[in-house]
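Colleague: dropping a prediction and its sequence here:
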Amino acid sequence: MKEESITLEDTAYLKISITGDKNSVNHFEKDADGLLVKHYENEDGTIYTIKAGNKTVRVEQVNGKGSYQQYIAGFEIKVDDWEQLDAIRKEVKSKVEFLPSKNGELFRVESIREAESDIFVWLGFLDLNVLIIIVLMILIGIINMGSALLVLILVRTNFIGVLKSMGATNWAIRKIFLIQAAFLILKGMLIGNVIGIGIALLQYYFNIIPLNPEVYYLNTVPIELSFTSWLLLNLGTLIVCVAALIIPSMVITRISPAKAVRFN
């Protein structure tokens, strides 16, 4: 039976040579921080000497011979559907984990979420920031539109009084102002979408906003253009803002027709 050849894993070796009195006991030269003072002989820093009294220790790093090509550190499985990541991890884990190979090694299965947990925690904070920003923007929109609706009602007080004197119900008059407010919201959303999508497209194609990769792990701000997300965000904003205006529109019910007609 042919024996399998066994090689050492690829690594770097240190070649150490000592000149001077090898038997003398001396202290190594250190700097103010207590670290060894190394005198480098090349720009790569792979050869340096250390002084110890009348002794000189020369250290040379010798690179391996590329035997790493004979070893496999791990296998990577690419998943097409991100939502199936956990299910696939469990399936692979049930089949190979803790089962020894022919050389006695044990396999261990971990997903990218486990291997790069710090990155995913950071991404989770980014998602939270996006949610907070969206909520704050919708609240600001509700407050602004509420103020605008009250101004519209105040300016149209005579009109409200005339409609009430003609038999119009409070809800019918409120719907008129809610529809007018909805048109104002749509106009603002149209302008905002043109500006926002324009900036997103510029970033998507030209990367006009850079990032520090040492901090954010990315060179530029990433952009994902999703029609579904855009549509849901716009519909949600419109519905929430119009629904929130129902409460301010209740001011109409407190307007007396007799006083409103005389209102200037």
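Modeller: Looks like it arrived, so ask away.
Colleague: so how far is residue 111 from residue 162?
Modeller: 68 Å (C-beta to C-beta, to the nearest Å). C-betas here are computed from N, CA, C, even on glycine.
Colleague: these two: which is more packed in?
Modeller: Legend: neighbour count by other C-beta atoms under 10 Å for residue 162 and residue 111, higher for residue 111 (18 against 14).
Colleague: for the spatially closest residue to the more buried one that is not a sequence neighbour, the count of nearby residues, please.
Modeller: The shortest distance from residue 111 to any non-neighbouring residue, by C-beta to C-beta, 6 or more residues apart in numbering, is to residue 89 (4.5 Å). Residue 89 has 19 neighbours, counted by other C-beta under 10 Å.
Colleague: what residues of the helix or strand that contains residue 89 count as buried?
Modeller: In the assignment (DSSP states H and E), residue 89 maps to helix 85-96. Residues residue 89 are the ones in helix 85-96 that count as buried (16 or more other C-beta atoms under 10 Å).
Colleague: return the distance of it from the chain's centre.
Modeller: Its chain's C-alpha centre and that of helix 85-96 lie 26 Å apart, by C-alpha atoms, centre = their mean, to the nearest Å.
Colleague: list the helices and strands that helix packs on?
Modeller: Other helices and strands packing on helix 85-96, by 3 or more C-beta pairs under 8 Å, 6 or more residues apart in numbering; DSSP states H and E, are absent; none qualifies.
Colleague: number the chain from 744, please
Modeller: From this message on, residue numbering opens at 744, which makes the last subject helix 828-839.
Colleague: who touches the following helix or strand past it?
Modeller: Using DSSP H and E, the helix or strand that directly follows helix 828-839 along the chain is helix 855-858. Applying C-beta atoms under 8 Å, 6 or more residues apart in numbering, the contact partners of helix 855-858 are 828, 863.
Colleague: then helix 855-858 to PDB, C-alphas only?
Modeller: Presented in PDB, the C-alpha positions along helix 855-858 are these (Å, rounded to 0.1, in the frame of the first residue of the first chain):
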ATOM      1  CA  ILE A 855     -21.600  34.600   6.800                       C
ATOM      2  CA  ARG A 856     -23.800  36.100   9.500                       C
ATOM      3  CA  GLU A 857     -21.800  34.200  12.100                       C
ATOM      4  CA  ALA A 858     -18.400  34.600  10.500                       C
END
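Colleague: from residue 819, how far out is residue 853?
Modeller: Distance from residue 853 to residue 819, by C-beta to C-beta: 11 Å.
Colleague: who's more crowded, the two?
Modeller: For residue 853 versus residue 819, neighbours defined as other C-beta under 10 Å are more numerous around residue 853 (13 against 5).
Colleague: for that one, list the residues it contacts.
Modeller: By C-beta under 8 Å, 6+ apart, the residues touching residue 853 are residue 832.
Colleague: that one and residue 832, how far apart?
Modeller: Separation of residue 853 from residue 832 (C-beta to C-beta): 8 Å.
Colleague: state the pLDDT value of residue 881.
Modeller: pLDDT recorded at residue 881 is 87.
Colleague: right, and the helix or strand after the helix or strand hosting it?
Modeller: Assignment of secondary structure by DSSP H and E places residue 881 within helix 860-898. Reading on from helix 860-898 to the C-terminus, the next helix or strand found by DSSP H and E is helix 900-908.
Colleague: the following helix or strand past that next one to helix 860-898, inter-axis angle?
Modeller: The helix or strand immediately downstream of helix 900-908 is helix 913-949, counting by DSSP H and E. Compare the direction of helix 913-949 with that of helix 860-898 by axes from the mean of the first three to the mean of the last three C-alpha atoms, to 10 degrees and you get 140 degrees.
Colleague: C-alpha coordinates for the helix or strand following helix 913-949, CSV please?
Modeller: Counting by DSSP H and E, the next helix or strand C-terminal to helix 913-949 is helix 956-959. The C-alpha trace of helix 956-959 is given here as CSV (Å, rounded to 0.1, in the frame of the first residue of the first chain):
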residue,chain,number,x,y,z
PRO,A,956,-13.4,52.1,3.7
GLU,A,957,-11.5,51.7,7.0
VAL,A,958,-14.6,52.8,8.9
TYR,A,959,-17.5,51.8,6.7
